[in-house]
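Engineer: Sequence and predicted structure are below.
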Amino acid sequence: MRFRAKIVDLACLNNFSRVINTIAKLAKTCTLRLTVCKLYFILSDKVANGGASMWCELCQGNFFDEFQMEGVAAEHNEIYLELVPENLSRALKTAHSAKALKIKLTNKHCPCLRVAVELPSLSSSSRIVTHDIPVGIIPRRIWNDFREPTVPDFDVSIYLPVLKTMKSVVERMKNLSNFIVIEANLSGEMNLKIETDLVSVTTHFKDLGNPPWASEDGCQSSAQGRDLESMAVARIDIKKLQQLLAGQQVNPTKALCNIVSKRIVHFVLLHEDVSLQYFIPALA
Amino acid sequence: LALRSVNSSRSAYACVFFSSVFFQQYCWAAVAEPCHKEKSSLPCKLRVKAVLPVFRCANVLGRNVEKCSISASPRDHHITFQLLCRHGVVKTYNLTFQECDPLQAVFAKHMCPNILKVHSRLLADVMIHFPTSQEEITLSVTPLKVSFKSYTEEDTDFSRTMVTEIHLSPEEFDYFQVGVDSEVTFCLKELRGLLAFSEATGVPVSIHFDRCGKPIAFSVEDMLLEGSFILATLCEAQKEERSQELCCPRQGGRVCPTVLGSHCTSWCPTGSAEPALWCSTLGTLPGQAAFPGKRHRLKAAKASQIINTPILYHVAPYLCKYCLFQFHSLFFGAVSHKEKDARGHSLQSLATASDTEEELGPVQSSPL
């Protein structure tokens, strides 16, 4: 198993840093899957995560100037690592003026991702900062646990409002309640609601638009034929939603959510070179 | 005016000395008392927690405080801090002090084979790569390279800890002298205060050290003030405990805690009229367990209990009548161009590192 990659372009480095920061806000520990073309950050829906799961995909070519990977075996040319994204985020934090960034998989005392940042200095030779981030190698036999989740059979799919607005609304609501109700319909209307013994607050968004989803087999999806005004409702942990929104530093190109009434809310955030899917289960 | 402080496990000692010209006015009158024969200074100690609130929010202080006056009244065991603020507001703080034996570390800086002098910005840039929770850091030097590395104990679970290392070239240092290759590990947390101070005032930092086990000294020096932080360093487990040889017995005021397993920094009182040192409440306060307390091989001797957590305020002027100094951005830097003073000629230069960057000769004795 070998992995080494290099970023030289500062814009790519900052971009990568932003992605890692977003991931770090969503998961304490996650799985990093490396293939020849892509990197995936995966959080599977274990109970420890509160049932939330995440799938983030990036094309390595959009970030790395050099990327070499050799998987566990020829026919399984992939590497699965378990890591703490916060460590990676910290290592990248001070790299915003770096001349180059190199990442390498090493195994001195234990498997590590060695991040080496070359920084400019006043003297002729650069400063080199290395961070050894411990990782766990995930054996092939449990790779199946980390498959891409399928898009659920949703009741309503709707574009999200401006994330900044949504974030500030959710943050204020977080002070009042632990749970938030998301409801949306096929007329582009969405409500965010909290209800406690003392107070209930609802924020209404309209004219959001509903993304068109083409079914794979050409049949009508369950969403079709649905009453346009009827709301799909899900009550979720507000903290998870807040973490998702807080982690977005840049406005995505597309942001939408799919709601399966009383079951799950599936958020999809698409940027130019990164796609992030986040599933939050609905609570009773 | 001197401030000194030491942490609870005696592994870190700090002293800052303000020369009298730092202040706008500085007067003291020795009050003759039969019992204090030759002593021309009254060392006293104050609780850090009591002094801190006086100088909290340096930014606010800089804007609002026009004058600060400090006076001591030994009879009542009081020290009074008076902040004269804008709009006629006067804040007075009366703090009680306890008399104590003065505290002074004996550390021969000029005998250190390794001396580095570095601009404050550089040290800050280095330390930023380490998490604020990082307790200890290892500095390794050879004549060709310098590196700072986060320190991990032998029994650390490497599969969980992130290790950071930064390599620098000797060219980055204003002065670089390495007499002996060494690797010293010290407590970073204790140092952060001095680093912040140095960065704020722009004064370069000098580092004096030797092999591991011997203390390391970080000092800043200016025309008006001089500050030093002396930290214990970890010694190799294999090295024998030589503490007994170096430790001086306790006699009438001489206190000798074991700072490290194999090296003892002795603390000797100064009875002379040496200028006293202000000790800041920079960074961590005494009372927080510094690292040696945790390690079995570095257990600080609990023998001496005289000096405990409170800050030591060694007042050379027995009675400091009327000291005024002005606040600048930080607690110490006291340059504000508002007040003109008869002998305020040197006040202006505090904020600039006016020292020329000449090489430090081997004889750099400073009365610590």
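Structural biologist: Received it, and whenever you're ready, just let me know what you need.

Engineer: mind listing the helices for chain A?
Structural biologist: Secondary structure of chain A (DSSP state H): helices located at A:10-26, A:85-93, A:163-174, A:238-246.

Engineer: Would you mind pulling up the elements that the third one packs against?
Structural biologist: For helix A:163-174, the elements it packs on are strand A:190-195, strand A:200-205, helix A:238-246, judged by 3 or more Cβ pairs under 8 Å, 6 or more residues apart in numbering or on different chains; DSSP states H and E. In short, each C-beta sits where N, CA and C put it, glycine included.

Engineer: Of these, which is nearest residue B:187?
Structural biologist: helix A:238-246 (33.8 Å; Cβ to Cβ).

Engineer: Quick check: the residue of the stretch 51-200 of chain B nearest chain A.
Structural biologist: residue B:171 (3.4 Å; Cβ to the nearest Cβ).

Engineer: pretty sure that residue contacts residue A:124?
Structural biologist: Yes: Residue B:171 is within contact range of residue A:124, at 6.6 Å (criterion: Cβ atoms under 8 Å).

Engineer: what about those two, which has more around it?
Structural biologist: Between residue B:171 and residue A:124, residue B:171 has the larger neighbour count (other Cβ atoms under 10 Å in any protein chain shown), namely 11 against 8.

Engineer: So the more buried one, which state does it fall into?
Structural biologist: helix (DSSP: H, G, I helix; E, B strand; the rest coil).

Engineer: Tell me which residues touch the residue of the stretch 51-200 of chain B closest to chain A, please.
Structural biologist: With contact set as Cβ atoms under 8 Å, 6 or more residues apart in numbering or on different chains, residue B:171 has these partners: A:122, A:123, A:124, A:125.

Engineer: Among those residues, which ones lie close to chain B?
Structural biologist: Subset of those in contact with chain B: A:122, A:123, A:124, A:125, counting by Cβ under 8 Å from any Cβ of the partner chain.

Engineer: Measure how buried the last one is and give me the count.
Structural biologist: Same thing as residue A:125. 14.

Engineer: which residue ranges form the helices in chain B?
Structural biologist: B:48-51, B:58-64, B:120-127, B:188-201, B:243-246.

Engineer: Need the helices of chain A in TSV (columns: mean neighbour count and mean pLDDT).
Structural biologist: Output for the helices of chain A, formatted as TSV (neighbours: other Cβ atoms under 10 Å in any protein chain shown; pLDDT from 0 to 100):
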stretch	mean neighbour count	mean pLDDT
helix A:10-26	20	91
helix A:85-93	22	91
helix A:163-174	16	93
helix A:238-246	20	92
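
Engineer: These into a markdown table, with extra columns for distance to residue A:270?
Structural biologist: Shown next, in a markdown table, are these (distance: least, Cβ to Cβ, whole Å):
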| stretch | distance to residue A:270 |
| --- | --- |
| helix A:10-26 | 13 |
| helix A:85-93 | 20 |
| helix A:163-174 | 12 |
| helix A:238-246 | 14 |
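
Engineer: Select, out of these, the one closest to residue B:98.
Structural biologist: So among these, helix A:85-93 is nearest, using Cβ to Cβ, at 43.5 Å.

Engineer: can you list contacts of the closest one?
Structural biologist: A:13, A:16-17, A:20-21, A:23-24, A:27-30, A:41, A:101, A:113, A:115, A:117, A:131, A:133-134, B:131, B:162, B:164.
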